Every structure is written in structure tokens, then in C-alpha cells.
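[1] Return atomic coordinates for the entry below.
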Amino acid sequence: MNVATQTFALGIKGLFFPSKTGEVAPPVSAPVMPFEDTSSPDKIQVFVSDYLLDSLTYSIFKATNISESLKVVVPHTAVPAGHPLELSTTVLDLFFPGMVAKYGKDRNVDVQLDVRGLDSFSAKEGSMAMNADVGL
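    A predicted model of the protein is given here:
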């Protein structure tokens, strides 16, 4: 903690984890975080690391059933007719052999995506990236 005439700075280094399974560190290491950006005139500054985001999302997925609400259905109508990658058994058979044999040729397919986990956050100025464990 840093207290001065015009500033109050508080640094917190923590790890979120589900209490039932115990502490599991995320795949990134905790970085050295600044108290303030002296080149910025902003009075309130907040710094968040990839470490915090990784441990927070890991804990949320392990401690709750949030993955049940992170299901997205992409209907076959989302891809314009005639597009080379339309959602049909014939096109998807190229990626998932056996679809035509099981379901027939040129049948429409709606795809459901289930987000099962998020990790490996990387946040830089102007961009953010992460890995997702997705069921199809």
C-alpha cells in the first residue's frame, strides 16, 4: 500500500480457486504489477493481469454450472445458401467423415457449441486473446 498527499495505491496479489478442490495455479505466472502509470493523469487506475483472469475463469467453471448456460446454437440458415462452407451433412462430411452415411446427403445441420472452459488469457494494449475448450 502507498499513501501520499494526493494518492492512495493498494496492491493485491491473489489467486481465485474453488474451495472444494483446492488451489491450482493457472498456466501463467503472476506478473509484477505497477501501482500507477505515472505517464497517465488519470486519478483512478486499475491493473488486471492474465493471472487473475485465468484463475478466475478456472474457478468459475469448476465451482459452478456456468458451462450449461454457455451453449450457442448456430442454425444452418446463418450461412448463406450456395456458400462453399454451408452447414450441410455433405460439406461437414469433409471434416467429420461418416455424416453422410449416417444422416444422408445434403441434409441441413444446426451446430451447437458448448463452451466448457476458458484459459490462457493474453491481454495487450488493443487486443485480447484466450483459449477455449469447446464441444461441437
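
[2] ok so Met128 is a helix residue?
    No. Looking at Met128 with DSSP: H, G, I helix; E, B strand; the rest coil, it is strand, so not inside a helix.

[3] so what's it bridging to?
    Ala123 (DSSP bridges).

[4] tell me the mean pLDDT over the lengthiest helix in the chain?
    Scanning the chain for the longest helix, with DSSP state H as the assignment, gives helix 50-63. For helix 50-63, mean pLDDT rounds to 75.

[5] Over to stretch 36-47?
    For stretch 36-47, the per-residue pLDDT averages 78.

[6] Do me a favour and get the end-to-end distance for that stretch?
    From its first residue to its last, stretch 36-47 covers 8 Å (C-alpha to C-alpha, to the nearest Å).

[7] rewinding a little: could you give the separation of the longest helix of the chain from the chain centroid?
    10 Å (C-alpha atoms, centre = their mean, to the nearest Å).

[8] next SSE after it?
    Beyond helix 50-63 on the C-terminal side, the first helix or strand identified by DSSP states H and E is strand 71-74.

[9] returning to what we had before: show me what the longest helix of the chain is packed against.
    Contacts defined by 3 or more C-beta pairs under 8 Å, 6 or more residues apart in numbering; DSSP states H and E place helix 50-63 against strand 111-124. The C-beta positions use only the backbone N, C-alpha and C, and glycine is treated the same way.

[10] Which residues does the strand it packs on contact?
    26-28, 48, 50, 53-54, 57-58, 61, 67, 70-74, 87, 128-136 (C-beta atoms under 8 Å, 6 or more residues apart in numbering).
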